[in-house]
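> With the input below, show me the fold.
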Amino acid sequence: MEEIDRKEEQTETMDGIFHTGSDEQKRSKAAKPTRQNKAVLIAVCTLLFFIGSTMGSLFTVYWLSYKPSFLPVPPVIKNIESNGTGSVIQVKNPNKIQSEDLIVQISEAASQVVVKIENYQSSRKGLVNAGYGSGFVVSSDGYIITNNHVVEDADALDVIFKNGKKFEAKLIGSDPISDIAVIQIKAKDLDYLKLANSDEISVGQTVIAIGNPLGYGTTVTTGVVSGIQREVSPPSTKDIPDTFYFDPFGGGIQQQTTTSAKIPMVGIIQTDAAINPGNSGGPLLNLNGEVIGVNFMIDSSGQGIGFAVSSNTVQKVKADLIEYGRVSWASLGVVITGNSEEVAYELELKTSEGIVVMEVPAGKAREAGIKKNDVILGIEGKPMQSPEEFITYIRSKNVGDKVKLSINRAGKTMEIEVELQELSGK
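Numbering: from 1, shown residues only. Next comes the predicted model:
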């Protein structure tokens with residue numbers, strides 16, 4: 001009986017194995033179509049994913065190309081001047097939006113009042129075109145800012161607007177120290193550009209340069225403020241360094257004959273916006289469409305090194321030239337240099353900060369008690385870190401103004417009041 005039972009168990013077991021194997025084969029056969037369907041489904045999903053990704057990328061590129069900001073592009077507005085119907089061109093940009101659309105709007109509006117200035121000089125054949133430069137309207141009654149070297153030695157001046165209108169211009173005055181000149185045309189109710197406060201500009205901010213380079217007509221370039229408070233020594237007539245050139249006329253190197261060669265220009269703005277011969281006198285604009293500087297010079301020994309006279313300097317020169325026909329620049333009447341640990345050690349000074357007085361010629365400063373090797377730490381409570389900053393501040397004052405200097409003399413701090421005298425251009 002036990003043997004019969006074992007045989008029956010064995011038979012059941014073998015029979016169970018047999019049946020189990022048969023079920024696995026059936027499930028394997030049934031699974032083959034399912035696995036194939038899964039592979040197809042995965043392939044289709046992968047294809048759809050790549051198609052969707054591609055379309056999403058293309059849509060993103062399209063959107064960014066035409067809508068670089070989710071905020072609305074600010075409109076160009078015009079503030080009406082109280083004493084005329086001409087208006088100042090300005091862009092309302094409260095959100096500081098930087099976009100191609102904004103730059104296009106500013107360029108289109110501002111270029112309408114950026115002009116080409118032709119310089120005519122007398123010759124044996126009569127008046128001949130000696131060259132050209134750029135300028136821009138700054139008042140509704142026809143005052144135009146440009147560079148001194150653009151209008152220098154001119155016997156006649158023509159002003160041409162972008163729309164082709166042409167006017168004869170009168171020289172109101174020019175200043176070789178700042179290389180700024182003011183001319184005027186007989187026109188009323190003109191749109192014009194506003195001069196900004198250049199003390200508020202920052203290195204890295206976007207700027208727009210507009211001018212008439214190399215005879216190509218109105219040209220717009222963009223860049224950033226690369227530096228501020230630069231000191232630039234323009235070339236003289238007798239010795240023009242290879243590293244600098246003035247060329248407002250687009251006809252090779254143009255000799256600079258103004259006396260500005262003898263006095264360093266300070267408070268200068270440096271920019272990498274492309275500036276070329278013929279851009280001289282054109283505006284450097286911020287993203288509100290306001291003038292922060294007047295382009296006047298490039299350093300040809302490098303690339304993207306251009307310079308502009310700051311708008312605050314232009315504002316002073318403009319006011320003086322219109323009212324007096326000349327500019328009186330204030331000066332402390334001393335020779336100064338920057339201070340450093342090396343300078344302090346060499347001169348046995350007690351501080352390495354501020355500005356060192358190297359010479360005190362006869363004048364108001366000597367009368368006030370300023371001495372050689374005095375260290376100027378500040379002026380009117382404002383710390384001074386460099387000679388450029390100090391000179392820029394002094395030149396913003398008027399001749400005859402009194403300023404209070406903070407002085408370190410042999411380790412002792414004192415205050416000395418000095419009356420500013422007139423800077424000599426000789």
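
> my guess is D272 meets G304, correct?
Yes. Here D272 reaches G304: they are 3.7 Å apart, a contact under C-beta atoms under 8 Å. Where C-beta positions appear, they are placed from N, C-alpha and C, glycine not excepted.

> who's more crowded, these two?
Just comparing D272 and G304: by other C-beta atoms under 10 Å the higher neighbour count belongs to D272, 19 against 15.

> show me the contacts for the more buried one.
G223, V224, S226, G304, I305, G306 (C-beta atoms under 8 Å, 6 or more residues apart in numbering).

> These: which two are farthest apart?
V224 and I305 (12.5 Å; C-beta to C-beta).

> Who has more neighbours out of the two?
I305 (19 against 15).

> Who does the lengthiest strand in the chain pair with, and is each partner parallel or antiparallel?
In the chain, assigned by DSSP state E, the strand with the most residues is strand 219-232. Taking DSSP bridges as the criterion, strand 219-232 pairs within the sheet with strand 206-211 (antiparallel), strand 265-271 (antiparallel).

> Nearest to K318 among those would be which one?
strand 265-271 (15.4 Å).

> and V356, that one's in a strand?
Yes. V356 sits within a strand when classified using DSSP: H, G, I helix; E, B strand; the rest coil.

> show me what contacts it?
Per C-beta under 8 Å, 6+ apart, neighbours of V356: I336, T337, G338, N339, V343, L347, L349, N373, D374, V375, I376.

> Ok, T271 next?
Taking C-beta under 8 Å, 6+ apart as the test, what T271 contacts is V207, A209, G223, V224, V225, S226, L284, G293, G306, F307, A308.

> got a pLDDT number for the closest residue to R409 other than its chain neighbours?
Among residues not flanking R409 along the chain, D374 sits closest, at 5.3 Å (C-beta to C-beta, 6 or more residues apart in numbering). D374 is assigned 95 on the pLDDT scale.

> do the same with the one 5 residues further on
pLDDT for I379: 94.

> What of N339?
So, for N339, pLDDT stands at 93.

> So it is in contact with M358, correct?
No. Between N339 and M358 there is no contact under C-beta under 8 Å: 10.9 Å.

> neighbour-wise, which of those two wins?
Using other C-beta under 10 Å, the more surrounded residue of N339 and M358 is N339, with 24 against 14.

> Roughly how far does the more buried one sit from V232?
22 Å (C-beta to C-beta, to the nearest Å).

> contacts for stretch 403-413?
So stretch 403-413 is contacted by 332, 349-351, 354, 370-371, 373-381, 394, 397, 414-418, 420 (C-beta under 8 Å, 6+ apart).

> helix/strand/coil for I51?
Secondary structure of I51, per three-state DSSP, is helix.

> For it, give its distance to V40.
I51 is 17 Å from V40, by C-beta to C-beta.

> before we move on, what about T392?
For T392, the distance to V40 - C-beta to C-beta - is 76 Å.

> Which one's more surrounded, the two?
Remark: of T392 and V40, T392 carries more neighbours, 21 against 10, as counted by other C-beta under 10 Å.

> residues in contact with the more buried one?
Q229, V266, G267.

> quick one: low-confidence parts of this structure?
1-36, 58-85, 90-98, 234-262, 425-426 (pLDDT under 70).

> can you list the domains in it?
76-192, 198-324, 330-422 (automatic domain parsing).

> In JSON lines, list these along with distance to S57.
Output for the domains of the chain, formatted as JSON lines (distance: least, C-beta to C-beta, whole Å):
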{"stretch": "domain 76-192", "distance to S57": "20"}
{"stretch": "domain 198-324", "distance to S57": "27"}
{"stretch": "domain 330-422", "distance to S57": "49"}
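
> of all those domains, which gets the most neighbours per residue?
Ranked by mean neighbour count, these are led by domain 198-324 with a mean of 20 (mean count of other C-beta atoms under 10 Å).

> That one: end-to-end distance?
One end of domain 198-324 sits 24 Å from the other (C-alpha to C-alpha, to the nearest Å).

> Surely the residue nearest to R409 touches E359?
No. Taking contacts as C-beta under 8 Å, D374 lies outside contact range of E359: 11.2 Å.

> what's the overlap in contacts for those two?
With C-beta under 8 Å, 6+ apart, D374 and E359 have no common neighbours.

> looking at it, K397 is touching Q421, isn't it?
No. Counting by C-beta under 8 Å, Q421 is not a contact partner of K397; they are 11.0 Å apart.

> got any residues that touch both of those two?
Common neighbours of K397 and Q421 (C-beta under 8 Å, 6+ apart) are A330.

> who does S174 bridge with?
Going by DSSP bridges, S174 forms beta bridges with A181.

> picking up where we left off before, could you export the contacts of D272 as CSV, including distance to S174?
Listed next are these as CSV, based on distance: C-beta to C-beta, whole Å:
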residue, distance to S174
G223, 28
V224, 30
S226, 27
G304, 29
I305, 25
G306, 21
